[in-house]
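[1] quick one, structure for this:
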Amino acid sequence: MNPKLVAAFLLLGVVLAAGCGAARPSKYYQLTVPNNLSADPPSDPYPVSLLLASLISSHLYREDRIVYSSGGQSMGAYEYQRWAEPPTEMIEEVLLRELRASGRYRGVNSMRSGARGDYVISGRLYDFKEVSGPPLLARVSFELTMRDNKTASTVWNHSYSHDEPVDGKDVPAIVGALNRNVQRGVSEFRSSLNEYFSTHPVSPSTQ
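    As a prediction, the model looks like this:
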């Protein structure tokens, strides 16, 4: 074989090997549900069942890369720091589990389950990102609305927006701040929804 050709093949092998060795492994993170979830103070559950629809959002929050904002309108996403699931799906899961754990409702299910419900909760995720600073912040903003299936009218809505300080400068610290922010927002939604049903009594015979 031509010596020059052999040398070319050897050089190509070295380059490919170096490229494989330089590949960085991706790290994955997920939102958590508080371990101390408990039912609200004892009372009869509201005689209603809830369905949770998928959150609407931009494609950035329907993918798995962690998003950051460097100021103004500029945004980007980390290549090797990713969510285990898209943020919209993780937030839906946290909300679903918290509402179920409250013990306030006859049933709480995802619309994807095929279950039937008296009310449908839907929403839009606007922000779920690192905001470079100083100070470094974790921004979460989303809105939920609830539709009465019987009347097809919107009967409740609630908006949440908060910048959570980040205790550190690395991605795990940012993830921790986003996690705290989501838990705070879901807790606020849970209280607001409970207040709605406590001030708008529903008779079992009307649903």
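[2] what about stretch 176-193, average pLDDT?
    Across stretch 176-193, the average pLDDT comes to 96.
[3] and for stretch 53-62?
    Mean pLDDT, computed over stretch 53-62, is 95.
[4] outside of it, which residues touch it?
    67, 75, 77, 86-89, 91-92, 111-112, 120-126, 128, 142 (C-beta atoms under 8 Å, 6 or more residues apart in numbering). Any C-beta I mention is one placed from the backbone N, CA and C, and that applies to glycine too.
[5] can you tell me the SS state at residue 161?
    State at residue 161, reduced to three classes by DSSP: H, G, I helix; E, B strand; the rest coil: strand.
[6] show me what the lengthiest helix in the chain packs onto, helices and strands only.
    In the chain, taking DSSP state H as the definition, the longest helix is helix 171-199. Other helices and strands packing on helix 171-199, by 3 or more C-beta pairs under 8 Å, 6 or more residues apart in numbering; DSSP states H and E, are strand 27-29, strand 65-71, helix 87-102, strand 119-131, strand 137-148, strand 153-165.
[7] quick check: next helix or strand after the shortest one?
    Reading on from strand 27-29 to the C-terminus, the next helix or strand found by DSSP states H and E is strand 46-52.
[8] try the third one
    Counting by DSSP H and E, the element after helix 87-102 in chain order, helix or strand, is strand 105-110.
[9] what are the buried residues along that following strand?
    Within strand 105-110, the residues that qualify as buried are 105, 108-110, counting by 16 or more other C-beta atoms under 10 Å.
[10] so what pLDDT did the most centrally placed residue in the chain get?
    A centroid search over the chain (C-alpha atoms, centre = their mean) returns residue 91, at 2.9 Å, as the residue closest to the centre. Residue 91 is assigned a predicted lDDT (pLDDT) of 97.
[11] tell me who's in contact with it.
    Neighbour list for residue 91: 31, 55, 125, 128, 142, 182, 186 [criterion: C-beta under 8 Å, 6+ apart].
[12] and of those, the nearest to residue 152?
    The shortest approach to residue 152 among the contacts of residue 91 belongs to residue 55, at 20.7 Å (C-beta to C-beta).
[13] so what's the residue count around the residue nearest to residue 123 when sequence neighbours are not counted?
    Once flanking residues are discounted, residue 123 sits nearest to residue 144: 3.9 Å by C-beta to C-beta, 6 or more residues apart in numbering. Neighbour count for residue 144, taken as other C-beta atoms under 10 Å: 22.
[14] now for residue 144: which residues touch it?
    Shown in contact with residue 144 (C-beta under 8 Å, 6+ apart): 121-123, 157-158, 189.
[15] can I get these in CSV including distance to residue 137 and neighbour count?
    Compiled in CSV, the contacts of residue 144 are given as follows (distance: C-beta to C-beta, whole Å; neighbours: other C-beta atoms under 10 Å):
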residue, distance to residue 137, neighbour count
121, 27, 25
122, 27, 18
123, 22, 25
157, 25, 15
158, 22, 20
189, 21, 22
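[16] and stretch 151-169, what's its mean pLDDT?
    Stretch 151-169 comes out at a mean pLDDT of 96.
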